[in-house]
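> predicted coordinates and the sequence they were generated for:
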Amino acid sequence: MGCLLARILDPAPPEPSTKYFWHVEGAYFDATRHSNRIKKKGAGVLYVHNGRLWYKSRCYCNHGRRKRTLQIDICNIERVLACPRFSSNADSNKEYSGPVIDVCVNDGTNSLHAAFKTKDAESISSELNEICLKHRQKPKIFQFNSVDVEGVEIDLP
């Protein structure tokens, strides 16, 4: 009963057609230059929507807890790994056990090291790696005829 209630409190996907949508047991965000400690967030969902990786924390009936949201541009993701534990880059003494998806993000000015705790870390990390690779590939342009939109013939090599 508790598991069912927990899943009901998880946020719904933004659209019914969202293909990549996973439940996570928690999230860890490594220390940054703005904050010197690791931030731990509760259970929620992780999904891919409109070229971004989203994390939304679980909704609670308690009004004291705010719903947390994080969005990461897929192009800025440097590394996605499945790890048996989360190790802080800033403080090597801090480790959190459990299978996690280790995500490193760098957008040029800011960097983020995050981990999402889940039982399915291996499969989710491989799916996220595939998504990142597909997203970084240049689109292939196919030309089916030798006439452009205005009706001018194009010389083909």
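Everything's here; your move.

> how about the closest residue to residue 98 other than its chain neighbours, phi and psi?
Of all residues beyond its chain neighbours, the one nearest residue 98 is residue 117 (4.9 Å), with distances taken as Cβ to Cβ, 6 or more residues apart in numbering. Where you see a C-beta, it was placed from the backbone N, CA and C, and this is true even at glycine. Residue 117 adopts backbone torsions of phi -80, psi 130, taken as degrees, to the nearest 10.

> can you pull up the bridge partners for residue 117?
Beta bridges link residue 117 to residue 26, residue 100 when assigned by DSSP bridges.

> now the biggest helix by length in the chain - C-alpha only, CSV.
Ordering each helix of the chain by length in residues (DSSP state H) puts helix 121-136 first. C-alpha atoms of helix 121-136 as CSV (Å, rounded to 0.1, in the frame of the first residue of the first chain):
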residue,chain,number,x,y,z
ALA,A,121,20.5,2.6,-12.6
GLU,A,122,22.1,0.4,-15.2
SER,A,123,19.2,0.5,-17.7
ILE,A,124,18.4,4.1,-17.1
SER,A,125,22.0,5.3,-17.6
SER,A,126,22.4,3.3,-20.8
GLU,A,127,19.1,4.9,-22.1
LEU,A,128,20.3,8.4,-21.1
ASN,A,129,23.7,7.8,-22.8
GLU,A,130,21.9,6.8,-26.0
ILE,A,131,19.7,9.9,-25.8
CYS,A,132,22.7,12.1,-25.3
LEU,A,133,24.5,10.5,-28.3
LYS,A,134,21.5,10.9,-30.6
HIS,A,135,21.0,14.4,-29.5
ARG,A,136,24.6,15.4,-30.3
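
> residues of it that come out buried?
Across helix 121-136, burial judged by 16 or more other Cβ atoms under 10 Å covers 121, 124, 125, 127, 128, 131, 132.

> now do stretch 90-102
Here stretch 90-102 shows 98, 99, 100, 101, 102 as buried, counting by 16+ other Cβ under 10 Å.

> grab the nearest non-local neighbour of the second one.
Here the nearest residue to residue 99 in space, its sequence neighbours aside, is residue 121; by Cβ to Cβ, 6+ apart that works out to 3.9 Å.

> thought residue 101 was touching that neighbour, still the case?
Yes - using Cβ atoms under 8 Å, residue 121 is in contact with residue 101, at 5.1 Å.
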